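1. test case, fold it:
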Amino acid sequence: MKKHNFYAGPSILSQYTIDKTAEAIRDFAGTGLSILEVSHRGKEFQAVIDEADALVKELLNVPQGYHVLFLGGGASLEFAMVPMNLLEKKAAYIDTGVWAHKAIKEAKLFGDVEVVASSEEANYTYIPKGYTIPADADYFHYTSNNTIYGTETRFDPESPVPLVCDMSSDIFSRPVDVKKYNLIYAGAQKNLAPAGVTIVIVKDDALGKVSRKIPTMLDYRTHADKGSMFNTPPVLPIFSALQTLRYYKELGGIEAIEKTDIAKAKKLYDAIDESKMFMGTVTDPADRSIMNVCFVMAPEYKELEKEFVDFATSKGMVGIKGHRSVGGFRASLYNALPMESVDALIACMKEFESKH
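-> Down below sits the predicted model:
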């Protein structure tokens, strides 16, 4: 039976990336060695990281004056590294979910944090609007896609101060005006590569402005100066990321990918909205994520929730159970997920509904 992978992360990878990575595990770049055992200082791996750097810049149209870094520690480490490197007096944050909340908690260790808005009172089922970003903040931080709740900001906000964004779960799904940002970071395990590497796109002249001393490994300048090679980088995830970046270029770039992603999400949201049994948790279409579609049973069918998960699993649907903190269902439609899987999930939902 074909499996349809809707996991929120680690999540589906393209078959292109899986196949190329598997080949390199057996024999990397004709060296007769596995990518798992080669030196990161060798010319073969240097070529990998150089090309990955160039493709990130090409696909996202990164202007001059920025470094692309490949770091360990996940986005969770960035929650602390960002304020450690950028927060001198005050930063502004918007609270749109668990990961934004965690970023706020870490930032408070380094200076004043003004939370300009929050949707916590509605269990983060919408993106706040009409808030004011203080003009004296060192930066404004937002989380573009909120995987647990299925909300997303699919544009670059207007801000009187530089932007910082956690794009872990929607990077490479839409064009980004990088010049508006001081820093963008993204854990790779949703739209790029296996877990283990984090991409950071940082503006050079944003660094070195804080008065505090920064530990060597936590200073972005350390990694920028050494081309992400100050210490041993996460070699395998970087290699896999390169394959995904190549694949994205073959697909026609970010604009082509966005068009497909929007079509996948629209098809699933339309099916949910037309259903009598299922209902979306994010009611405003403007706030709906095209990466993570969250939905629940209508109240009168609530008792069938577990039965549907079991039924869907029997049909090859994997990872559709909602996050434990919110329940319900979640279908993650990352770039590598084919339309075939969306069609299969919709057919599964309709079949279950017809039985009840």
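2. does A75 count as helix, strand or coil?
-> Following DSSP: H, G, I helix; E, B strand; the rest coil, the label given to A75 is helix.
3. ok, it to G328 distance?
-> Per CB to CB, to the nearest Å, A75 is found 24 Å from G328. (C-beta placed from N, C-alpha, C; glycine too.)
4. which one of those two has more residues nearby?
-> Applying other CB atoms under 10 Å to A75 and G328 shows that A75 carries more neighbours, namely 25 against 20.
5. wait, that one touches A188, no?
-> No. Using CB atoms under 8 Å, A75 makes no contact with A188, being 9.5 Å away.
6. what touches both of these two?
-> Shared contacts of A75 and A188, defined by CB atoms under 8 Å, 6 or more residues apart in numbering, are found at T198.
7. rounded mean pLDDT for stretch 186-197, please.
-> Mean per-residue pLDDT for stretch 186-197: 97.
8. name the residues of it that are buried.
-> Residues of stretch 186-197 classed as buried by neighbour count (16 or more other CB atoms under 10 Å): 186-194, 196-197.
9. can you map out the strands along the stretch 151-300 of the chain?
-> Assignment of strands within the stretch 151-300 of the chain using DSSP state E, counting those that start in this stretch yields the ranges 151-152, 163-166, 181-187, 198-203, 278-280, 292-297.
10. let's have these in JSON lines, adding distance to I346.
-> Formatted as JSON lines, the strands of the stretch 151-300 of the chain follow (distance: least, CB to CB, whole Å):
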{"stretch": "strand 151-152", "distance to I346": "21"}
{"stretch": "strand 163-166", "distance to I346": "30"}
{"stretch": "strand 181-187", "distance to I346": "29"}
{"stretch": "strand 198-203", "distance to I346": "32"}
{"stretch": "strand 278-280", "distance to I346": "10"}
{"stretch": "strand 292-297", "distance to I346": "11"}
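11. quick one: closest of these to N5.
-> With CB to CB as the measure, strand 292-297 is the member of these nearest N5 (13.5 Å).
12. would you mind writing the CA trace of the longest helix along the chain as CSV?
-> Determined from DSSP state H, the single longest helix within the chain is helix 254-274. Below are the C-alpha coordinates for helix 254-274, written out as CSV (Å, rounded to 0.1, in the frame of the first residue of the first chain):
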residue,chain,number,x,y,z
ILE,A,254,10.0,29.4,-5.6
GLU,A,255,7.3,31.0,-7.7
ALA,A,256,6.4,27.7,-9.3
ILE,A,257,6.6,25.9,-5.9
GLU,A,258,4.3,28.5,-4.3
LYS,A,259,1.7,28.0,-7.1
THR,A,260,1.6,24.3,-6.5
ASP,A,261,1.5,24.7,-2.7
ILE,A,262,-1.5,27.1,-2.9
ALA,A,263,-3.4,24.7,-5.2
LYS,A,264,-2.8,21.7,-2.8
ALA,A,265,-4.0,23.7,0.2
LYS,A,266,-7.0,25.1,-1.6
LYS,A,267,-8.2,21.7,-2.7
LEU,A,268,-8.0,20.4,0.9
TYR,A,269,-9.6,23.4,2.5
ASP,A,270,-12.4,23.4,0.0
ALA,A,271,-13.1,19.7,0.9
ILE,A,272,-13.1,20.5,4.6
ASP,A,273,-15.4,23.6,4.1
GLU,A,274,-17.8,21.5,2.0
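13. which other helices and strands does it contact?
-> Helices and strands touching helix 254-274, by 3 or more CB pairs under 8 Å, 6 or more residues apart in numbering; DSSP states H and E, are helix 235-251, strand 278-280, strand 292-297, helix 339-355.
14. any idea where the helices of the stretch 101-250 of the chain begin and end?
-> 220-225, 235-251 (DSSP state H, counting those that start in this stretch).
15. to D170, which of these lies closest?
-> Closest among the helices of the stretch 101-250 of the chain, using CB to CB: helix 235-251, at 13.6 Å.
16. ok, residues contacting the longest helix of the chain?
-> For helix 254-274, the external contacting residues (CB under 8 Å, 6+ apart) are 59-60, 172-175, 248, 251, 278-280, 285, 288-291, 293, 295, 331, 333, 335, 337, 339, 342-343, 345-346, 349-350.
17. could you identify which of the helices and strands packed on helix 254-274 is most buried?
-> Burial of those is given as mean neighbour count (mean count of other CB atoms under 10 Å); strand 292-297 ranks first at a mean of 24.
18. what's the following helix or strand after it?
-> Counting by DSSP states H and E, the element after strand 292-297 in chain order, helix or strand, is helix 305-314.
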